[in-house]
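Peer 1: Build me a structure from this.
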Amino acid sequence: MGNTYARILVERFQKATPEKKPKENKASIVDKDDANTNDEPIDNLKWLQDLAVNAIKNDAGIIQRLRAEGVPWGGLNRIIADALPDTLEDKANFAFSCVPIALNEIFGKSSWDTFKNENTGKKWVHVK
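Peer 2: Below is the predicted model of the structure:
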């Protein structure tokens with residue numbers, strides 16, 4: 001197949017998304033016609049949200065700042081956006097919506113709060 005723009009997009013998308021994981025199959029022989037029916041479906045939304053959670057969770061500096069002086073909401077938004085695949089449409093808005101999901105998963109629903117930073121006038125987040 002030629003190196004068309006469609007092929008480039010398909011390859012880029014395949015690199016950015018998780019591979020399907022086959023279900024554990026106790027039978028040793030799989031019929032060729034049934035081979036695709038044993039794949040577990042991928043919850044792409046959950047996968048993307050997990051990327052968001054892990055982007056924050058795995059950044060020790062951000063976790064420390066969240067527990068101390070706090071972090072700008074926009075900063076968390078940027079960290080999450082950077083962790084998401086470039087093929088995601090409207091990545092900035094998706095990242096914005098993932099900030100509370102990530103904070104709830106990492107710290108618990110009522111364990112964090114937002115405040116207006118007096119110096120910047122921007123919305124910040126800190127752990128209570």
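
Peer 1: how about stretch 114-128: buried residues?
Peer 2: Judged by neighbour count using 16 or more other CB atoms under 10 Å, the buried positions of stretch 114-128 are 124, 125, 127. C-beta here means a position set from N, CA and C on the backbone, and glycine is covered the same way.

Peer 1: Determine how far that stretch lies from the middle of the whole chain.
Peer 2: 23 Å (CA atoms, centre = their mean, to the nearest Å).

Peer 1: all strands of the protein, in order?
Peer 2: 71-72, 112-116, 123-127 (DSSP state E).

Peer 1: the inter-axis angle of the last one versus strand 112-116?
Peer 2: Taking axes from the mean of the first three to the mean of the last three CA atoms, to 10 degrees, one finds that strand 123-127 is oriented at 150 degrees with respect to strand 112-116.

Peer 1: Just want the angle from the longest helix along the chain to strand 112-116.
Peer 2: Across the chain, the longest stretch assigned as helix under DSSP state H is helix 91-107. If you take the same axes, to 10 degrees, helix 91-107 sits at 130 degrees to strand 112-116.
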